[in-house]
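In: Output the structure for:
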Amino acid sequence: RVDWRPNVLKFSQNLLDDLRPRAITRDLDWGVPIPLDGWRDRPMKRFYVWFDAVIGYLSASVEWARRSGDDDAWREFWTNPDAQGYYFMGKDNIVFHSLIWPSLLLGHNGAGDKGGEPGPFGTLNLPTEVVSSEFLKMSGAKFSTSRGTVIYVNDFLREFGPDSLRYFISVGGPETQDVDFTWEEFVRRINFELANEWGNLVNRSVSMAHKNIGSIPRPTAPQAADEELKALSRNAFDVVGGHLRRSRFKQGVGEAMRVVGAANKYISDQEPWKKKDDPERRDTILHTALQVVSDANTMLTPFMPHAAQKVHEALGGTGVWAAQPELREVEDLDVAGRINPILTGDYAAERARWESTPIEVGRPLEKPTPLFAKLDPKLGETGPEWAPITS
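Out: Numbering: from 1, shown residues only. From the prediction side, this is the model:
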């Protein structure tokens, strides 16, 4: 592919242009032995971690399938020609995923310059894309546990939840260049973009419909402004989806938030709260706003899946909107009594579809609760108590 992120593509091409031999073994007494004649019995020679480690993507998939009770389930990811594989990492690991791992796969497939037949696993899929970010820094320095410049994810999630982190990394993270993390910028984005823009759009739209109608209203005689906003929202699916397919998350979430901004402006311009004497017009405005809330929620689901479930329910929806992966415990197949976790999920019943789905007129609405709590501005100056002190 030629539409990888520019930083990954350029780095990989530079490596190919100046390709040199690279050591794949170390003098160690532990690790994977070298399975070649003359090397098998050497007690102090083992594969180096970044040669054999990437094979773990395949071996872990095979073991996952075995533990899940379907020995061939891994093939859906690895030998199905329609399957796509995306590898996410920091920029210091690009070489192992854009050169070494594809080389191993090509060799196994018999597709390298040595030729041959595919190995015992059959023809395996090459990576669809190697998705690498640059470095996220703090006060200009790399995160470092030894120097105390570190934010632990568990601490962050306990205080702010997963969606705030996912959104911030998507919209302001180091997608194509190093980025300096500051609490000031985090607080600004959460308060102004999530609480004031997205959360406010959901709250004001659902609240007015709940208060005045109690359900999703029926539209009548839509005007040009209504149709223009709905068209903008419908068309954004292709734009946002295109960015996601190319791993341009910053552009994708930005386009979705552009729809949110347009919807907020539409409500302010149309002033449905002043239409008490014209309930048909009021209902049409609110229906339009709720439809765009539904659309925007779908487009923001990849970035904020947990908030998306709340919006789905705020619009009167039931069931699981977008199923999430989960850890399940299964009994070890080899050691009796041992319990092992596997990563899996039940995705068949989820309601989310990547399209503008007409909202159901008459569906009951409840009074909404705030989607995102505003953060204390002082947090932007100091950070939480558990956060590292930076200058």
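
In: alpha carbons only for contacts and neighbour counts from here, please
Out: Noted.

In: Can you give me the separation between residue 80 and residue 334?
Out: 29 Å (CA to CA, to the nearest Å).

In: and these two? which has more neighbours close in?
Out: residue 80 (13 against 8; other CA atoms under 10 Å).

In: List the buried residues for the one helix or strand residue 257 maps to?
Out: Element membership for residue 257, per DSSP states H and E: helix 249-270. Judged by neighbour count using 16 or more other CA atoms under 10 Å, the buried positions of helix 249-270 are 249-253, 255-260, 263-264, 266-267, 270.

In: and stretch 126-136, how far out from the chain's middle?
Out: Here stretch 126-136 is found 13 Å from its chain centre; the criterion is CA atoms, centre = their mean, to the nearest Å.

In: Please apply the same query to stretch 23-36.
Out: Using CA atoms, centre = their mean, the offset of stretch 23-36 from its chain centre is 36 Å.

In: mind starting the numbering at 802 from now?
Out: Right, with 802 as the first residue, what we last looked at is stretch 824-837.

In: Not counting its own residues, what contacts that stretch?
Out: 840-841, 844-849, 851-853 (CA atoms under 8 Å, 6 or more residues apart in numbering).

In: quick one: buried residues of it?
Out: Those would be 826, 834-835, for stretch 824-837 by 16+ other CA under 10 Å.

In: need the contact list for residue 982.
Out: Contacts of residue 982 by CA under 8 Å, 6+ apart are 937-940.

In: again, 10 Å this time
Out: Taking CA atoms under 10 Å, 6 or more residues apart in numbering as the criterion, residue 982 is in contact with 937-942, 969-970, 973-975.

In: How about residue 886?
Out: 878-879, 926-931.

In: per-residue confidence for it?
Out: Looking at residue 886, its pLDDT stands at 96.

In: low-scoring stretches of this protein, by residue?
Out: Applying pLDDT under 70 to the chain picks out residues 802, 1190-1192.

In: domain parsing for it?
Out: Using automatic domain parsing, the domain parsing of the chain gives 807-934, 982-1180.

In: Quick one, which of the contacts of residue 886 are buried?
Out: For these, buried by 16+ other CA under 10 Å: 878-879, 926-928, 930-931.

In: Next, residue 1129: phi, psi?
Out: phi -120, psi 150 (degrees, to the nearest 10).

In: Count the residues that sit near it.
Out: With other CA under 10 Å as criterion, residue 1129 counts 13.

In: how close does it get to residue 856?
Out: Going from residue 1129 to residue 856 by CA to CA gives 24 Å.

In: all strands of the chain, in order?
Out: Remark: strands assigned in the chain by DSSP state E are 826-827, 847-848, 887-891, 930-934, 937-939, 942-943, 980-982, 1127-1132, 1140-1145.

In: name the helices or strands packed onto the fifth one?
Out: Here strand 937-939 is seen to pack against strand 980-982 when contacts are counted using 3 or more CA pairs under 10 Å, 6 or more residues apart in numbering; DSSP states H and E.

In: strands paired with the strand it packs on, and their directions?
Out: Sheet neighbours of strand 980-982, with direction, are listed as strand 937-939 (parallel) (DSSP bridges).

In: ok, and what's touching the partner strand?
Out: By CA under 10 Å, 6+ apart, strand 937-939 touches 891, 943-945, 950-952, 970, 973-976, 978-984, 1189, 1191-1192.

In: Out of those residues, which end up buried?
Out: Buried by 16+ other CA under 10 Å: 944, 950-951, 970, 973-976, 980-984, out of those.

In: Can you redo those as TSV, where the extra columns are distance to residue 1038?
Out: What follows is the buried ones among the contacts of strand 937-939, written out as TSV (distance: CA to CA, whole Å):
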residue	distance to residue 1038
944	36
950	39
951	37
970	21
973	21
974	23
975	24
976	22
980	28
981	31
982	30
983	31
984	32
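
In: Which members of the residues you listed are the farthest-apart pair?
Out: 950 and 976 (20.8 Å; CA to CA).

In: distance of the residue lying closest to residue 932 once chain neighbours are set aside from residue 974?
Out: Nearest non-adjacent residue to residue 932, counting by CA to CA, 6 or more residues apart in numbering: residue 889, 4.8 Å away. From residue 889 across to residue 974, the span is 14 Å (CA to CA).

In: cool, residue 836 as well?
Out: Counting by CA to CA, the gap from residue 836 to residue 974 is 42 Å.

In: same deal with residue 989?
Out: 14 Å.

In: can you check residue 1046 too?
Out: 18 Å.

In: thinking residue 885 is in contact with residue 925, fair?
Out: No. Using CA atoms under 10 Å, residue 885 makes no contact with residue 925, being 11.4 Å away.

In: Those two: which is more packed in?
Out: It is residue 925, of residue 885 and residue 925, that has more neighbours when counted by other CA under 10 Å, with 19 against 13.

In: wait, what's in contact with the more buried one?
Out: 859, 876, 878-882, 906-907, 909-910, 919.

In: can you tell me which of the contacts of residue 886 are in helices?
Out: 878-879 (DSSP state H).

In: Turn the contacts of residue 886 into JSON lines, including distance to residue 1143.
Out: Shown next, in JSON lines, are the contacts of residue 886 (distance: CA to CA, whole Å):
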{"residue": "878", "distance to residue 1143": "16"}
{"residue": "879", "distance to residue 1143": "18"}
{"residue": "926", "distance to residue 1143": "23"}
{"residue": "927", "distance to residue 1143": "24"}
{"residue": "928", "distance to residue 1143": "23"}
{"residue": "929", "distance to residue 1143": "24"}
{"residue": "930", "distance to residue 1143": "25"}
{"residue": "931", "distance to residue 1143": "24"}
